[in-house]
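K.L.:
any chance you can model this:
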Amino acid sequence: MAEQARREMMLIGGEWVGAADGRTFEVTNPATGRPAAVVPEGKTADVDAAVTAAGRALRRTWRDVEGVQRGRLLRRVGELMLEHREELALRDTSEMGKPLSDARGDVEAGAAFFEFYGGLADKIFGRVNPVPSEFFNYTLREPVGVVGAIAPWNFPVWMAGIKLAPALACGCTVVLKPAEQSPGSALLIGRLCQEAGLPDGVVNIVTGDGPGAGAPLAAHAGVNHVSFTGSSQVGRQVAAAAAGHLAGVTCELGGKTANLVFADCNFEQAVGHAIHTICRNSGQICVAGSRLLVEQTMHDEFVGELCRRAERLKVGDPLLPDTHMGPIVSKQQFDKVMGYIEQGKQQGASLLTGGGRPAGMADWPYVAPTVFDNVRPDMTIAREEIFGPVLAASSFGDESEAIELANATDYGLAAWIWTDDVRRAHRLARRMEAGIVMVNQAMGVCPAAPYSGFKGSGMGHECGVEGAIDSYTRIKNVTIRLDTEPMNWPQKV
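P.N.:
Prediction:
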């Protein structure tokens, strides 16, 4: 039986509504080519209604809800997400092709953000400041206001947690614009927020594409802070739009992560991570280690083993339990990835494995794990974010060359380092031009750890205590005079 497309509505001011002009669009399952959902196509009028509802909820209810109660509500949302784990995971799998086993893990990761920030909600406070003794001075941490959150398509349920939980914990209200390719899990989380008891208008969800819904959200004068995750090109546009009304901006943008492997590393851990980081989610990860830099003395052995493991990965139906890689999210993204592969060939990189669709999948947007070797820093596949399972490998002779190659990019999101020399690890961590440096581990985004990019990879930071308080609160300075002496002004001459 053919799958039935879900029919969805947007959440605005506590009501589930269609677009103001009645338009809808289809969300396509990339694994089957059939519609997964029919969703309202939000435009400027819908964004305006959502921002108005968020502003009303901020003033009338949410900002005055005590932190303890906000925390309880957020933790309840996390609990409900886990109770609905299968439905949330199936929505992500059917809309963007993520293997179901990975999608289940993403739900747990997304719920963890509501748990963590639920615990933070009653611990956001100012301080008493040292001033002359006739005064008493203190600062307040207040919610910045209405947050416009624009999420990407590659980790839909996870990103909903990253965008919603910290802003809500700080007392802000949110208008969330999920990616048009994968809005389903965000809409379900909206329903779970209602079930948990969040007041109407605190969470609003507008579906639509970037130009139609994302752009007017970033530019809306009623939005006080914009949180965006996506490409560097669009991030610059979002920042410019927010600057027009002096809104704060957090942008987590693209990456071209270097994965540095030294000969003294744990070989099995390093090679396992190298294939995982470029093939998980079909390479559609901003921190994917897409540039593999291996010390010359072990380069051939390491890359050879990596290719053997890549060829054993199962690419196919994301609903099957033994599938390692599902499809690319869309035909458009598939064509982009294939275009980069062709450029790699034309510019002289050595294609070791992959390079096209797996056998038997001629009509579907699947890409086999692809490994290029002998990649020079000036090649396109070494400079630009591909967002697919395409690895650009090369070698280095010593630590200085490794640092130079790793930093030879316009991006600065993350760096991976594999070495058993703890002194080297600390030296390299200081020298990497990246906001995130990971040594001998493959941990992803953790709610407690700040997450940010340098250079063309973004501005501001998400996650951690800093990501919430710095982005979603503002400081108010309060001074009280303690003495009763009258003010002698103007002074008598």
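
K.L.:
so what's residue 129 closest to, chain neighbours aside?
P.N.:
In this structure, residue 129 finds its nearest non-sequential neighbour in residue 137, 4.6 Å apart by C-beta to C-beta, 6 or more residues apart in numbering. Where C-beta positions appear, they are placed from N, C-alpha and C, glycine not excepted.

K.L.:
now name the helix or strand holding the one you found.
P.N.:
strand 135-143 (DSSP states H and E).

K.L.:
can you pull the buried residues of that strand?
P.N.:
For strand 135-143, the neighbour count (16 or more other C-beta atoms under 10 Å) marks 141, 142, 143 as buried.

K.L.:
mind checking the end-to-end distance for stretch 220-227?
P.N.:
Distance between the two ends of stretch 220-227: 13 Å, counting by C-alpha to C-alpha, to the nearest Å.

K.L.:
who's in contact with it?
P.N.:
47-48, 51-52, 54-55, 144-150, 163, 167, 172, 175, 217-218, 238-239, 241-242, 245, 247-250, 462, 471-472 (C-beta atoms under 8 Å, 6 or more residues apart in numbering).

K.L.:
tell me what residue 146 is bridged to.
P.N.:
residue 173 (DSSP bridges).

K.L.:
tell me what the strand holding residue 137 is packed against?
P.N.:
Secondary-structure packing of strand 135-143 (3 or more C-beta pairs under 8 Å, 6 or more residues apart in numbering; DSSP states H and E): strand 128-129, strand 473-481.

K.L.:
that strand vs strand 473-481, what angle?
P.N.:
Going by axes from the mean of the first three to the mean of the last three C-alpha atoms, to 10 degrees, strand 135-143 is angled at 160 degrees with respect to strand 473-481.

K.L.:
partner strands of strand 135-143, with direction?
P.N.:
Assessed with DSSP bridges, strand 135-143 is paired to strand 128-129 (antiparallel), strand 473-481 (antiparallel).

K.L.:
what's the longest one in contact with?
P.N.:
Same thing as strand 473-481. So strand 473-481 is contacted by 124, 126, 131, 134-144, 170-171 (C-beta under 8 Å, 6+ apart).

K.L.:
rerun at 6 Å
P.N.:
Strand 473-481 is contacted by residues 135, 136, 137, 138, 139, 140, 141, 142, 144, 170 when judged by C-beta atoms under 6 Å, 6 or more residues apart in numbering.

K.L.:
check the gap between the residue nearest to residue 101 when sequence neighbours are not counted and residue 31 for me.
P.N.:
Closest residue to residue 101 apart from its sequence neighbours, by C-beta to C-beta, 6+ apart: residue 321 at 6.4 Å. Residue 321 sits at a distance of 15 Å from residue 31 (criterion: C-beta to C-beta, to the nearest Å).

K.L.:
cool, residue 22 as well?
P.N.:
From residue 22 to residue 31 the distance is 30 Å (C-beta to C-beta).

K.L.:
more neighbours: which of the two?
P.N.:
residue 31 (23 against 8; other C-beta atoms under 10 Å).

K.L.:
need the pLDDT of that one.
P.N.:
If you check residue 31, the pLDDT there is 94.

K.L.:
again, but for residue 489
P.N.:
pLDDT, residue 489: 75.

K.L.:
can you classify it by secondary structure?
P.N.:
coil (DSSP: H, G, I helix; E, B strand; the rest coil).

K.L.:
ok, now residue 228?
P.N.:
Applying three-state DSSP: residue 228 is strand.

K.L.:
quick one: contacts for it?
P.N.:
Per C-beta under 6 Å, 6+ apart, neighbours of residue 228: 150, 235, 238, 251.

K.L.:
quick one: it and residue 239, what's the gap?
P.N.:
Using C-beta to C-beta, residue 228 is found at 8 Å from residue 239.

K.L.:
could you do residue 401 as well?
P.N.:
When residue 401 is compared with residue 239 (using C-beta to C-beta), they lie 34 Å apart.

K.L.:
so for the two, which residue has more residues nearby?
P.N.:
Neighbours around residue 401 and residue 239, counted as other C-beta under 10 Å, are more numerous at residue 239. The numbers are 20 against 14.

K.L.:
and the contacts of strand 473-481 as CSV, adding distance to residue 257 and pLDDT?
P.N.:
Listed next are the contacts of strand 473-481 as CSV, based on distance: C-beta to C-beta, whole Å; pLDDT from 0 to 100:
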residue, distance to residue 257, pLDDT
135, 50, 93
136, 49, 95
137, 45, 96
138, 43, 97
139, 38, 96
140, 39, 95
141, 34, 95
142, 37, 96
144, 31, 97
170, 30, 97
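
K.L.:
for the longest helix along the chain, buried residues please.
P.N.:
The longest helix of the chain (DSSP state H) is helix 100-120. By 16+ other C-beta under 10 Å, the buried positions in helix 100-120 come out as 100-107, 109-118, 120.

K.L.:
please apply the same query to stretch 406-415.
P.N.:
By neighbour count on 16+ other C-beta under 10 Å, the buried set for stretch 406-415 is 406, 407, 409, 411, 412, 413, 414, 415.

K.L.:
adjacent strands (with direction) for the lowest-mean-pLDDT helix or strand in the chain?
P.N.:
The weakest-scoring helix or strand in the chain, judged by mean pLDDT, DSSP states H and E, is strand 451-452 (a mean of 86). Strand 451-452 pairs in its sheet with strand 461-462 (antiparallel), by DSSP bridges.

K.L.:
need the contact partners of the partner strand.
P.N.:
Counting by C-beta under 6 Å, 6+ apart, 162, 252, 450, 451, 452, 467 sit against strand 461-462.

K.L.:
what of stretch 333-348?
P.N.:
Taking C-beta under 6 Å, 6+ apart as the rule, stretch 333-348 contacts 328, 355, 365, 367, 372, 379, 380, 381, 386, 388.

K.L.:
remind me which residues of the stretch 1-150 of the chain are low pLDDT?
P.N.:
By pLDDT under 70, the low-scoring segments of the stretch 1-150 of the chain are 1-3.

K.L.:
enumerate every residue touching the spatially closest residue to residue 206 that is not a sequence neighbour.
P.N.:
Nearest non-adjacent residue to residue 206, counting by C-beta to C-beta, 6+ apart: residue 42, 4.2 Å away. Contact analysis of residue 42 by C-beta under 6 Å, 6+ apart lists 19, 206, 207, 208, 213.

K.L.:
what's the neighbour count on the second one?
P.N.:
Around residue 206 sit 30 other residues, with neighbours defined as other C-beta under 10 Å.
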